[in-house]
Each structure stands twice: as C-alpha cells, then as structure tokens.
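Q: A structural model of the following input is requested.
(chains A and B)
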Amino acid sequence: MRLTGEEQAMRAGEIGEPRRWAIEHQIAVGAFFDAADLVPVAQAHIMADTESLGEAGVRFLESLAAAPQAERRVRVPTLTDPRGLDVETYRRLGQSEAMRTLEARAIAALRAFGVLMTDTCINYQTIMPPVRGEHLAMGDTGVVIYSNSVFGARSNFEGGPSALAAALTGRTPRYGYHLDECRRATRRFRLTASPSDLSEWGALGGIVGRACGSYWEVPLIEGVAEILEGVPGSDALKHFGTALASYGSVALFHMPGITPEALGDSAEFADPAPPAEIIGRGDIDAFVASYGATGDKVDVVVFAAPQLSLVEMAAVADALDGRLVHAATTLLVATSPEIKHAADRMGLTARIESAGAIVAAGICFYQSYAGEMAEANGWRRLLTNSAKLVNIIGGYGYRPTLASLERCVDSAVAGRVV
Amino acid sequence: MPTLLRCHQGIGPAVTGTALVAKDNFSARYDLDRKAGVFSRPSHALAGQSYVGRILVLDQAKGGVATAWMLRDMAERGIVPLALIFNRVNPILAQGAAFAGVTMVDRFAGDVTDLIRTGDTLRVDPAAGSVEVLNRESGAVA
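A: I've put the predicted structure just below:
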C-alpha cells in the first residue's frame, strides 16, 4: 500500500500511539481488500454502544484516550451512532446500573478524543448531510447506504474500530465503495406495486436484500418513479435502505430518476444488464405475512431502527392522541437527541408520553441490551414498523411482527396484535 | 499430502482446528448468544450449536457493524471461534478480525462450504493464503 510521508510518520509512532494503532489497523484492512492507498475523509461516524463494545472495547478506548491531547484528538468531524442506554429512561426499561457505568466510561473516553456525541443513526437527516463524491467513514449500515445511494457520497461500512481509526488519521483505505468500479449495478429489479407505508418500504428493502445477500452486490431498482408517479421521501428511502443493508449487507443501491448515480440504462451495469427480477404486491404481502401474529398478546411495540425523524415523531403523536397504551404493553419510541429536543419543544413528546408511551433519546433499541431488556421485562412478542428491527431482533429471543405505524399503535392500545 | 485449498491472503495467526460448516451467513449481533457461545438465531442453519473454539466455515458476512467490536470482546472472554472462513466477507468482518487478532480468510476457487465438511481438521494460514484439510489426501473429492 502506498503511504505518504505523513502516513509513514504515523506508522512509525512519531505522531503518538493512537495514530500509530489507527494506521496499522487501516493497513491490515486495506491489504486484505487490496487497497492501493488511503483516501482523505470529510467525516467519521463511530458505532460504539457498550453492548457491542463490551468491557474489552471500553478498556481499549480508555487506553487510547489516555494519550496526550495532541496525540488523541480526532482530525475530522466525528459523530457517534446511538448509545447503549439513555440516562433518562434506562430504569423504566429495566436496564442496570452496571450498564450505565460502562456507558459513562465509554462516553468519557470518546469525548477525550474530541468526538461529537450525536448518538444518532440518522445524522444524514439531522446533523450534516453528505455531498456527492465526498469520501466518508460512516459507522452504521443505514447511514452508509443512504449516504452512498441518495447523496452519491462514498463510504464503506466502517465498524467502530475502523471509524475511530479514520477519525484519528483523517483517511481510510481506498477500497470498495470509494472506487468507481465497485459502484456500478450488478443486480436488476423492477417494482410493479407501490409500497403503502414505511413498513412496506422496509419490506421492499428486505426483499431486495435477501435476493442480493452480499456486500458486493449493487441493486438497481427500476420502476419506482413510474409506480409512485413521483419519488419516495426521505423516511421511505431511510426504511428501504436500512432494511436492504440489514437483510443483504448491501451498501449502495440505484433508482433511475431518483438517485444521483443511476443512469437508467444498461450503461449502468458493470457487465451486460441482467434480466430484471419483478417485485410486486404479492411479494410485499408475503414478506409482511411471514412475520404475522394476529391475535397474539403484544409485550412491546417499538418505533426505532432507524431512529425517528421529526415527521415520524409527529405521526406517532397523531396516532396516539387521546388514547392509552394497554397496561400490559410497553410502547417505546427512539429518536436522536436533536429530534428529541425538537419534539419536546413542539409538544410531541408530551403527547406521546401522556398516552403512556416512552420516548428515549440517543438509543435505537436493538443496540441497547435488547436481550437483557427482554429478560428484565418479560418481553417476547414485539411489534414494529421497522423491517430492519424484525430482522435483527429474533437473535435476542424476541418474536417480531411487522406492521404499519397505525396498526402498531392500535395493537399497543389493544394489548394484542390487531 | 493433505488437500490444499488456496484463498486470498487473510488476517490473524495460523491455527489448526476442527471445522463447523453451514451454507448460511454470519453476524455476531444477529446470530449469536455471545454469553452461552452458541448460535441463537432460530432460523440459522447452526441454531443451538456451539461455535467456541471451532473453525466456522460459512458463506458470507451479513448485517450490522457491531461484529467489528464484538469479536475482540468475545476473544478476551474466550468465547470465540478459533477461525472464520468465508466465501466472501464484508468490511466489517475484516475490520473485526484485524481488531481482535482472530484468524480469518476468504475468496477461494469454488464454494468453500462445499470444499470443507463439518469435522474436517484444518490448518488455516492467512499469511500464505491457504487452508489445508489435514484429514484428506490431496486430490480427494470434497
């Protein structure tokens, strides 16, 4: 791998131990993917919740954060993905003091690097939207796929250690979606039915993701603009992209007439254009039905994964107005700290919580000790409008059901899946 | 001579151990009970089976970024696979293996979940880009 003089100095430890560790890590990963060099990045975004960090990860952060200030400060604006718990709500959710203590240690270490504690997986909606062609080191699959596809920016999935490394060196190995040749479509789909709500946009992402099944596949989805007679909104593409990334490990998609790099003809494909795989109403219905559980008692209804936009917060408040969540059911809404402040200011939080629901800030449920919460609260049947969440949460012992926001709220009020 | 399988240069130290093979994918967050050391996702082909100390042979890496941190924590607690072998990984598993010092290789000539069987004794050499199936003679049909 070609290294500049400054990169060689980092590797030699001349700019401190944190940057020496960072560039060694990047060289190991870059060599694995045959990267020719490192590319400067404009932002980094670190997934560092304590559930995935564990004690080992927190101790690692603390060890690097103990370096002198000049050696440990990040070189580019660096944001954080959601935390493991929200100090305002963790007791109500059955999370422990030990979790809070570990989280506090992680936050102290991240702050010592100069990281901006945004605690969000919707930073592209709320903090600093990417720019076309911008190289980034984004640390959440939903953030990466939205940044790459909707904005035309360039990022690989950067796990916590790699995003921290990018923050410390200001660059990342140039492989994968930093390269033109990896960004051309490899799979072709044609949509023939309009998703009816955000849960169905997620279902569509799940269908395409299952079909692709690899980080290195780039789906082109035709017919979307024609079917909608317009374009999907930011929240629709958010749910579509996060589900596509979750089910398929996919990091980039194209939609002709909608996303900036989709040319809409066979010139888009790396190889001769493959035949289009049709996705229709029956496919979407079957996907949703595969998680069906009508009549079952509902333990917990979750709006999260990704965190809710302000528009989604308003929709939850409208659906809950004047109603009460069933005594045996918990309804949890997770959003970013910025959107929580806005929702507080606009009275949305009060409207949601007066129905007996909980609004948490800076968490995203599945990254928040979901298994331990299930145990502490006796939760098993989970209802959500997030296709990403139904995909993830089975591994934590939940039985998930996918439904529209309105059906989720109706079920929360009834205490059973309606 | 044991059967020799060539792959791309990998990550981590050379190791020898027993294979656990499935035509399925892998995510530490989605698929594992990281306390009990078993596959916990009900729909996973290896559901209920222990992964501790085994050489996992699977198709692809999938899902979220958490595996990048989780492998190191799993390694420090001794509840970790001995090595990971895939047809093709995503960046997260490469980053996680590099961070944890866990042995990992991918990119074989052929489907590695066909080339290796559960119970095979393997020597994985990431630096050389090779996997030897020690219990089978070269030329043996997988």
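
Q: what parts of chain B come near chain A?
A: Taking Cβ under 8 Å from any Cβ of the partner chain as the contact definition, chain B meets chain A at B:8-11, B:25, B:29-33, B:40-43, B:60-70, B:72-73, B:75-77, B:88-92, B:94-96, B:98-99. From N, CA and C alone the C-beta is placed, and that goes for glycine too.

Q: and the residues you listed, which are buried?
A: Using 16 or more other Cβ atoms under 10 Å in any protein chain shown as the burial test, these include B:10-11, B:25, B:29-33, B:40-41, B:60-70, B:72-73, B:75-76, B:88-92, B:94-96, B:98-99 as buried.

Q: picking up where we left off before, narrow the residues of chain B next to chain A to those in strands?
A: B:Leu32, B:Asp33, B:Gln60, B:Arg88 (DSSP state E).

Q: follow-up on the earlier one: looking at the residues of chain B next to chain A, which are in helices?
A: B:29-31, B:67-70, B:72-73, B:75-76, B:91-92, B:94-96, B:98-99 (DSSP state H).

Q: grab the most central residue of chain A for me.
A: A:Gly142 (3.5 Å; Cα atoms, centre = their mean).

Q: of all the residues in chain A, which one is nearest chain B?
A: As assessed by Cβ to the nearest Cβ, chain B sits closest to A:Gly159 within chain A, at 2.2 Å.

Q: with adjacent residues omitted, what lies nearest to that residue?
A: B:Ala68 (2.2 Å; Cβ to Cβ, 6 or more residues apart in numbering or on different chains).

Q: could you do B:Lys23 as well?
A: In space, and not counting its chain neighbours, B:Lys23 is closest to B:Thr113: 5.0 Å by Cβ to Cβ, 6+ apart.

Q: just B:Pro42 next, same as before
A: A:Gly394 (6.2 Å).

Q: do A:Gly415 as well
A: Distance criterion Cβ to Cβ, 6+ apart; nearest residue to A:Gly415, sequence neighbours excluded, is A:His326 at 3.2 Å.

Q: tell me the SS of that neighbour?
A: Of the three states, A:His326 takes coil according to DSSP: H, G, I helix; E, B strand; the rest coil.

Q: now do the buried residues in stretch B:10-28.
A: B:10-12, B:17, B:19-22, B:24-28.

Q: isn't A:Met1 right next to A:Phe32, touching?
A: No - in this structure, A:Met1 is not within contact of A:Phe32 by Cβ atoms under 8 Å, at 10.8 Å.

Q: who has more neighbours out of these two?
A: Counted by other Cβ atoms under 10 Å in any protein chain shown, A:Met1 and A:Phe32 do not tie: A:Phe32 has more neighbours, with 26 against 14.

Q: quick one: contacts for that one?
A: Residues in contact with A:Phe32 (Cβ atoms under 8 Å, 6 or more residues apart in numbering or on different chains) are B:His8, B:Gln9, B:Gly10, B:Ile11, B:Ala94, B:Ala98.

Q: and the residue nearest to B:Pro42, how many neighbours?
A: By the measure other Cβ under 10 Å, the count of residues near A:Gly394 is 20.

Q: and it, that's in a strand?
A: No - checked against three-state DSSP, A:Gly394 lies outside a strand; its state is helix.

Q: which ones are touching it?
A: A:Gly394 neighbours (Cβ under 8 Å, 6+ apart): A:Pro400, B:Tyr30, B:Arg41, B:Pro42, B:Ser43.

Q: wait, a strand at the first one?
A: Which is A:Pro400. Yes - judged by three-state DSSP, A:Pro400 forms part of a strand.

Q: what about the residue nearest to it when sequence neighbours are not counted, how many neighbours?
A: Spatial nearest neighbour of A:Pro400, excluding adjacent residues (Cβ to Cβ, 6+ apart): A:Val390 at 3.9 Å. Per other Cβ under 10 Å, the neighbour tally for A:Val390 reads 31.
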